[in-house]
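Trainee: sequence first, then the predicted structure:
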Amino acid sequence: DTEVTQTPKHLVMGMTNKKSLKCEQHMGHRAMYWYKQKAKKPPELMFVYSYEKLSINESVPSRFSPECPNSSLLNLHLHALQPEDSALYLCASSQLGLAADEQFFGPGTRLTVL
Amino acid sequence: KNEVEQSPQNLTAQEGEFITINCSYSVGISALHWLQQHPGGGIVSLFMLSSGKKKHGRLIATINIQEKHSSLHITASHPRDSAVYICAAKQAPGGSEKLVFGKGTKLTVNP
């Protein structure tokens, strides 16, 4: 299995809702990433988990809360989002999080905040 | 100035043409990725390279570490190659897991 899967594919939520994005990989990778991508822009790193511990938080607002329950699973919990948070949210994984590791990306979740 | 610069920003080609997309970077790197993204879609990793040249089907990626430059070539281009191509650098020494992304090159191949 060489895939990173993400669910749901699309999500529409109101500003008062609580929802979660899910990412899964079964490649034995020990680093997992959340990116946010706005239209016609490159991805922006949000969080990195290495060996299930949060290693990078790129000053992301607390309305985004990541969670890594085990080495295969990464969640992003969403609460009280703003319309400007509407974007494509991409998950990625890499083997050991070392300098020359290749990152494998998932298909993304298209989030719309009303 | 972005640490990773791509050119051109937009590229239109006719089916069958040979295509080159360029990427220059100003930081020390341990590896450089070439990524492909179709409209509204997720990202596919095409290549990761730290030296020399790699080939996969009609795609060829080269990197010149001394000149801090990489190129992605597509031979015999096809409309299904239409996508945004992004180069992303992993910084070194002392680099973390972060990738520094270029702004992407939007390729349109017309039949």
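Mentor: Now that the structure is in, tell me what you want to look at.

Trainee: which of the three states applies to A:Trp34?
Mentor: With DSSP: H, G, I helix; E, B strand; the rest coil as the basis, A:Trp34 sits in strand.

Trainee: report pLDDT for it.
Mentor: Looking at A:Trp34, its pLDDT is 97.

Trainee: so how far is B:Ile29 from it?
Mentor: Note on A:Trp34: its distance to B:Ile29, by C-beta to C-beta, to the nearest Å, is 23 Å. (C-beta placed from N, C-alpha, C; glycine too.)

Trainee: which neighbours in the sheet does the helix or strand of chain B with the lowest mean pLDDT have, and how are they oriented?
Mentor: When each helix and strand of chain B is scored by mean pLDDT, DSSP states H and E, strand B:99-101 comes last, with a mean of 89. Strand B:99-101 sits in its sheet next to strand B:83-91 (antiparallel), going by DSSP bridges.

Trainee: which SSE is the closest residue in space to B:Thr62 that isn't next to it in sequence in?
Mentor: Once flanking residues are discounted, B:Thr62 sits nearest to B:Lys53: 4.6 Å by C-beta to C-beta, 6 or more residues apart in numbering or on different chains. B:Lys53 is located in strand B:52-56, with elements delineated by DSSP states H and E.

Trainee: what's the answer for A:His29, then?
Mentor: Using DSSP H and E, A:His29 falls outside every helix and strand.

Trainee: what bridges to the residue nearest to it when sequence neighbours are not counted?
Mentor: The shortest distance from A:His29 to any non-neighbouring residue, by C-beta to C-beta, 6+ apart, is to A:Ser93 (3.9 Å). Beta bridges link A:Ser93 to A:Met32, A:Phe104, judged by DSSP bridges.

Trainee: identify the residues contacting A:Ser93.
Mentor: Contact analysis of A:Ser93 by C-beta atoms under 8 Å, 6 or more residues apart in numbering or on different chains lists A:Val4, A:Cys23, A:Gln25, A:Met27, A:His29, A:Ala31, A:Met32, A:Tyr33, A:Gln103, A:Phe104.

Trainee: same thing with A:Ala80?
Mentor: A:Met15, A:Thr16, A:Arg63.

Trainee: could you list the buried residues of the helix or strand that the least confident helix or strand of chain B is followed by?
Mentor: Per DSSP H and E, the first helix or strand lying C-terminal to strand B:99-101 is strand B:105-110. For strand B:105-110, the neighbour count (16 or more other C-beta atoms under 10 Å in any protein chain shown) marks B:Thr105, B:Lys106, B:Leu107, B:Val109 as buried.

Trainee: out of those, who's nearest chain A?
Mentor: B:Lys106 (8.4 Å; C-beta to the nearest C-beta).

Trainee: which residues sit in contact with that closest one?
Mentor: Per C-beta under 8 Å, 6+ apart, neighbours of B:Lys106: B:Gln9, B:Asn10, B:Leu11, B:Ala83, B:Val84.

Trainee: out of everything not next to it in sequence, what's closest to the first one?
Mentor: Using C-beta to C-beta, 6+ apart and skipping residues adjacent in sequence, the residue nearest B:Gln9 is B:Thr105, 6.4 Å away.

Trainee: what bridges to the one you found?
Mentor: Beta-bridge pairing for B:Thr105 (DSSP bridges): B:Tyr85.
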